[in-house]
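Colleague: Task: produce atomic coordinates for the following.
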Amino acid sequence: MLTLGIVLVALIFSAALIALFRRLASRLDAEACTPEWLENFSTANYTPMQRLFNEKDFEFLASQPGYRPEIARQLRAERRKVLAGYLQLLTRDFNQLHAIAKLMLVYSHEDRPDFGKALLWQQITFYYAVTAVRCSLALMPLGWTAPDVRKLIQPIESMRLQLQQ
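Modeller: Below you'll find the model as predicted:
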């Protein structure tokens, strides 16, 4: 009976993960996948999201007259919403870079199965990192630490550099 429960939980978890990955993969603005977009794309737009949960901000806030703990809780909640918005934009940009890479692979004059495998692995790794950050965001009100978003920016930057070569 216990193994049936474990199998059922594993199936539900797997189905939820697959549904989330499909939802993440569907965020794409196909009309924006142009060479001009690629030339103008920069991960610098995402550097502010790395500072959203900097403890120095909350220490400064706590040192101000009239500070109440609920002010910090409200600020953290607002910053979680901001980070969720950044995640949507980041996922959209990743999907656009990925779509451009797939188009380049399809229209390439030489067969590159290694590049295709690398693209698939990058996609899985990125979606896993986004899922981990979303879970961390959901658990933050329960005392979970702030997510490390640098793991999200690195794959996008490496893909951008690969595409520009």
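Colleague: C-alpha from now on. contacts and neighbour counts both.
Modeller: Noted.
Colleague: Any stretches of the protein with poor pLDDT?
Modeller: 1, 4, 7-11, 13-33 (pLDDT under 70).
Colleague: From the chain's centre, how far out is the helix or strand containing residue 93? Work that out for me.
Modeller: Per DSSP states H and E: residue 93 is located in helix 69-106. Using CA atoms, centre = their mean, to the nearest Å, the mean C-alpha position of helix 69-106 is found 5 Å from that of the whole chain.
Colleague: Which other helices and strands does it contact?
Modeller: Judged by 3 or more CA pairs under 8 Å, 6 or more residues apart in numbering; DSSP states H and E, helix 69-106 is in contact with helix 55-62, helix 113-139, helix 150-164.
Colleague: So for the second one, what gets flagged as buried?
Modeller: The reference is to helix 113-139. Neighbour-count burial for helix 113-139 flags 119, 122-123, 126-131, 133-134, 136-137 (criterion: 16 or more other CA atoms under 10 Å).
Colleague: Could I get the contacting residues of the residue nearest the centre of the chain?
Modeller: What sits nearest the mean C-alpha location of the chain, by CA atoms, centre = their mean, is residue 130, with 3.6 Å. Counting by CA atoms under 8 Å, 6 or more residues apart in numbering, residue 130 touches 87, 152.
Colleague: re earlier: of the buried residues of helix 113-139, closest to residue 162?
Modeller: The closest of the buried residues of helix 113-139 to residue 162 turns out to be residue 119 (CA to CA; 10.8 Å).
Colleague: Can you give me the distance of the nearest residue to the closest one once chain neighbours are set aside to residue 155?
Modeller: Once flanking residues are discounted, residue 119 sits nearest to residue 98: 7.3 Å by CA to CA, 6 or more residues apart in numbering. Distance, residue 98 to residue 155, using CA to CA, to the nearest Å: 11 Å.
Colleague: In terms of neighbours, single out the busier of these two.
Modeller: A direct count of neighbours by other CA atoms under 10 Å for residue 98 and residue 155 places residue 98 higher, at 23 against 17.
Colleague: what about residue 159, distance to residue 119?
Modeller: Look at residue 159 and residue 119: by CA to CA, they are 9 Å apart.
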